[in-house]
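# Requesting a structural model of the entry that follows:
(4 chains)
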4 protein chains.
Amino acid sequence: MNITKELLEKGSKVIDLGADFRLKDRHDWETIYGMKHSCWDISKGAVYGITELHREELRKSNLIANPGCYSSASILGLAPLIKEDLIDNEKIVIDGLSGTAGAGSELDIAIHHPEISNNLVPYNVVNHRHTYEIEQELGIIGDSKVIVHFTTTYVPITRGILAICHCFPKTKVSRTELLDLYKEYYKDEYFIKIIDIPKEENASWQYVPYPWVNSVSGTNYCHIGLDIDEKRNRIVVFSVLDSIGKGGAHAAVQNMNLMFGLEETLGLKRYGLHPY
Amino acid sequence: MNITKELLEKGSKVIDLGADFRLKDRHDWETIYGMKHSCWDISKGAVYGITELHREELRKSNLIANPGCYSSASILGLAPLIKEDLIDNEKIVIDGLSGTAGAGSELDIAIHHPEISNNLVPYNVVNHRHTYEIEQELGIIGDSKVIVHFTTTYVPITRGILAICHCFPKTKVSRTELLDLYKEYYKDEYFIKIIDIPKEENASWQYVPYPWVNSVSGTNYCHIGLDIDEKRNRIVVFSVLDSIGKGGAHAAVQNMNLMFGLEETLGLKRYGLHPY
Amino acid sequence: MNITKELLEKGSKVIDLGADFRLKDRHDWETIYGMKHSCWDISKGAVYGITELHREELRKSNLIANPGCYSSASILGLAPLIKEDLIDNEKIVIDGLSGTAGAGSELDIAIHHPEISNNLVPYNVVNHRHTYEIEQELGIIGDSKVIVHFTTTYVPITRGILAICHCFPKTKVSRTELLDLYKEYYKDEYFIKIIDIPKEENASWQYVPYPWVNSVSGTNYCHIGLDIDEKRNRIVVFSVLDSIGKGGAHAAVQNMNLMFGLEETLGLKRYGLHPY
Amino acid sequence: MNITKELLEKGSKVIDLGADFRLKDRHDWETIYGMKHSCWDISKGAVYGITELHREELRKSNLIANPGCYSSASILGLAPLIKEDLIDNEKIVIDGLSGTAGAGSELDIAIHHPEISNNLVPYNVVNHRHTYEIEQELGIIGDSKVIVHFTTTYVPITRGILAICHCFPKTKVSRTELLDLYKEYYKDEYFIKIIDIPKEENASWQYVPYPWVNSVSGTNYCHIGLDIDEKRNRIVVFSVLDSIGKGGAHAAVQNMNLMFGLEETLGLKRYGLHPY
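Predicted coordinates:
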């Protein structure tokens, strides 16, 4: 954070992929990162870097706090429901499944091939740091308190994140209405794709009404799909992205493009290798 | 089910790995399996085959309805909480992650290697058939209505299931108290192991306070671990087993041993290849 | 082949990804494909579609027989050695390792996830059909008889092929001389990259003097590396490509670009996701 | 090696899983391990620990040098051919494919999940240390000079090794004759299984005339299969074992059983999880 301070003072613009400037509550930040924040005044001016939600502010910003990968997936997946006040904001359960590239490039036992290759490794299962970002940003969208129950597990894929978001609707709503809502909400967004394949019973299509994480591998896309259990009254939203793409470096490029008045999609149109 | 009927009439004992005799509500059964049940009178006499919960009945039974793999993991994982009436029984969220052997031996696009190997494939995401078994059995344990919000996803491991169970406690309780409760509940069970490794910060141990599914691969063991978010008031229980072992054929052997007065562990003591 | 005949008669140009027009020996073709060839006169005019070896002919061709994926990797990997007459042409041993996408999109037990995910599956281990293409094309380059001992194995990666080519040099030659030879041979080729990282002993670099197949995933690149056992007198060449990219559809696009006078690299500059 | 010396002097018996006592040529040992051997007199008395080849010596030995995993697979796979003097002993090519557990438990970039999971990583591609053991032991069996051209590659499976051994027969021989030879050679061996499934064209069986490495995972078995290319005159032998089982700790237990007069199979009868 001190480097950021220096750079800003010299007139540079900064996009921070780390967590130094993501939270608006200093007490929360200092508690969960276990240190004093040395330049909180700067932090107050940072814009949270989900382009689709803060585009105009980002365009004018000198300091962008790019979100964590789980946060991007979860916030993009839940924003329309929160915006429309459709769900119980204090009972949101998210299981975040992450590929091993999400753990960073450093060697670690949890992503050592002999350990993870036939395995599923839960970690930071309660009070994960990204919880605070998600609650903060959804809280802003909904102008209300939001409580997120968030648990993370490493799975043996390389790239990508699947956020499985369980919500309890306040009123009756159908799968079709929800899909329409999402398509409308994201209708101008190049990098958000709503997966709206009808649910059918034939073998090759029954799995694809929901997003597949391999489709966004290596890209800046976020694919979102959903379903509703009308009998038990639950909405489940699936949001997938590449933790190094839309959940990381690519998202930073998208913000950089904005920040410097470039075409927002510049350098980012690469598609995934999988059709769905 | 007709074969079962015939076999019983001839005096055989039957352990059914299919779903014909698992449910106690005929209407539910006929709705979710999409057909008439041809011998409901027999079904009423069937014992649900989770040994740890119905040992004495199973010993005397002629017809055992062995549970689905997700059901075994979820029911064993939640039984102590329900028994002690510690959680909101109508707001249980379970994400079930399954290896590809859980899909059966038939070729299928969702478990075709080029599709699943870098992928996560949600399926039957609402109203999964196992939901009814889980609600039924937990309802019996708790003598109350239970509602389970259950979603399933294929992950690229071969064997094994991880059930991630999110519950909302009614009263304040600590991780240690919960672990003690589980150890007491399963204290006489050979095949249930409570993972009670302290949470520490050093690199090699931070992942192992929770069960690892590769540890039970090829075995009749079910490992259970848990944690609690005291800030947001949530318990998360992890339950792992091999869908072909404790979630399938091995569990049937365990019941067969009981049914025929054999040592319950006969032929089932094989350990997994992983230490945790 | 009959469709090709019709298309050619109507004046179309054809790039065939199948095997109908790859071989110059009718007897061989009819023996290994187990049928009569219905239009051998056409086949005689076909150009074998490895761009780097037949660029000028391909530019003028109406019928291009694109190579099999193993063939492309092996021929590109061995061409410089054959051209310079450096090795025993009748004792070439190639182990071809293929990802599961190389098996095609149809469901098959060898690429069913529960079978292949922890497995290595040898298949067509002798007399593989691609052997004939490789022998033919290397024979043309060397103007001599070439015998290739070729064995194939499926490995649990999705995309890509590694051809491990073992050759016995006729004269003393060093690793550096060989690398220089390869770099000279392919110096004008956009899509061929010679991996020439020095062999060092530090942990992070000891593996990367050789090509890594994940680096070419989803691309039209072929990476080639090599080493020499001076004690026992053997050269080993590693050649990697994506069986659907440079070993399939992308190579066809490269030829199409030539055939229609377009920039050869048009639509093909996508890089892999891995740095090495 | 100094610890071994001390233990032997105190009257202990030693089974060494390391490489200190495997070679009979001191110059070779000191060259490839890059140090002086401090107790070569002891080394001369060591027995090389492939039970099937040295059973009687092992029974009486105080110091057993257990082989490397690749060495066990290769030597067991080639012994019958060498014994019967059927092949050119100076032109044996072996590709050794190893799962990541073969790299040991220490973290390493080559077996870091994000690097290896969609990858194939060649390493020690010429002059691999195990080459010397293989040449030595096959040389003893054949009472002749043996030259092995050996290359190793990590593949993304956890456990197990596949040695693909290419040999050039001196005389005409059929697949059936070779299989009969192998069955006879190993007819009294509990842990060696010759895979003799006929080659047929139907989909589910065409892959299984050869051994599958997942079948021996976690076991002390070595499965061997083979084929012959009568047109080009090559034999290919496939030998699979678990580098931690028959290629490591289990083989040591087998030798320990012998050394102490116990039943040779004691504690080692565990089967793999896969039928082939």
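
# what does the model give the nearest residue to A:Glu84 once chain neighbours are set aside for pLDDT?
Using C-beta to C-beta, 6 or more residues apart in numbering or on different chains and skipping residues adjacent in sequence, the residue nearest A:Glu84 is A:Leu181, 6.4 Å away. Quick note: C-beta positions are derived from backbone N, CA and C, even for glycine. A:Leu181 is assigned a predicted lDDT (pLDDT) of 98.

# Now the residue nearest the centre of chain A. Its backbone dihedrals?
For chain A, the residue nearest the mean C-alpha position is A:Ser72 (1.5 Å; C-alpha atoms, centre = their mean). A:Ser72 adopts backbone torsions of phi -60, psi -50, taken as degrees, to the nearest 10.

# who's in contact with it?
A:Ser72 makes contact with A:50, A:222, A:241, A:246-247, A:251, according to C-beta atoms under 8 Å, 6 or more residues apart in numbering or on different chains.

# Near chain D, which residues of chain A are found?
A:99-101, A:103, A:105, A:107-109, A:111-114, A:116-118, A:156-159 (C-beta under 8 Å from any C-beta of the partner chain).

# Now do the strands in the stretch 101-250 of chain A.
Along the stretch 101-250 of chain A, counting by DSSP state E, counting those that start in this stretch, strands occupy A:121-123, A:148-154, A:161-167, A:192-194, A:222-229, A:234-241.

# coming back round to it: hmm, A:Ile87 and the residue nearest to A:Glu84 touching each other?
No - the criterion here is C-beta atoms under 8 Å, and A:Leu181 misses it with A:Ile87 at 11.9 Å.

# between these two, which one's more packed in?
Taking other C-beta atoms under 10 Å in any protein chain shown, A:Leu181 and A:Ile87 do not tie; A:Ile87 has more neighbours (24 against 18).

# Alongside chain C, which residues does the stretch 101-250 of chain A contribute?
Residues of the stretch 101-250 of chain A lying close to chain C (C-beta under 8 Å from any C-beta) are A:117-118, A:159, A:217-218.

# Mind doing that once more with 10 Å?
Contacts of the stretch 101-250 of chain A with chain C, taken as C-beta under 10 Å from any C-beta of the partner chain, map to A:101, A:107, A:117-118, A:156, A:158-159, A:203-204, A:214, A:217-218, A:242, A:244-245.

# what's the most distant pair in these?
Taking every pair in these and measuring C-beta to C-beta, the maximum separation is 40.9 Å, between A:Leu107 and A:Ala203.

# who's in contact with A:Asp85?
Going by C-beta atoms under 10 Å, 6 or more residues apart in numbering or on different chains, A:Asp85 touches A:142-144, A:170-171.

# can you tell me how far A:Glu106 sits from chain B?
10 Å (C-beta to the nearest C-beta, to the nearest Å).

# you'd agree that residue is up against D:Glu115?
No - A:Glu106 is beyond contact range of D:Glu115, at 12.0 Å (criterion: C-beta atoms under 10 Å).

# Those two - which one has more neighbours?
More crowded of A:Glu106 and D:Glu115, by other C-beta under 10 Å: D:Glu115, with 26 against 9.

# Name all residues that make contact with A:Tyr190.
A:51-52, A:220-221, A:254, A:264-265, A:268-269.

# Give the PyMOL command for selecting the buried subset of those residues.
Typed into PyMOL, the line below selects the buried ones among those, using 16 or more other C-beta atoms under 10 Å in any protein chain shown:
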select buried, chain A and resi 51+52+220+221+254+264+268
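
# Filter the contacts of A:Tyr190 down to just the ones in helices.
Secondary structure defined by DSSP state H assigns A:51-52, A:254 of the contacts of A:Tyr190 to helices.

# could you redo the residues you listed as CSV and give each row pLDDT?
Output for the ones in helices among the contacts of A:Tyr190, formatted as CSV (pLDDT from 0 to 100):
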residue, pLDDT
A:Thr51, 98
A:Glu52, 98
A:Gln254, 98
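
# Kindly indicate which of these lies nearest chain D.
Distance to chain D, by C-beta to the nearest C-beta, is smallest for A:Gln254 among those, at 23.2 Å.
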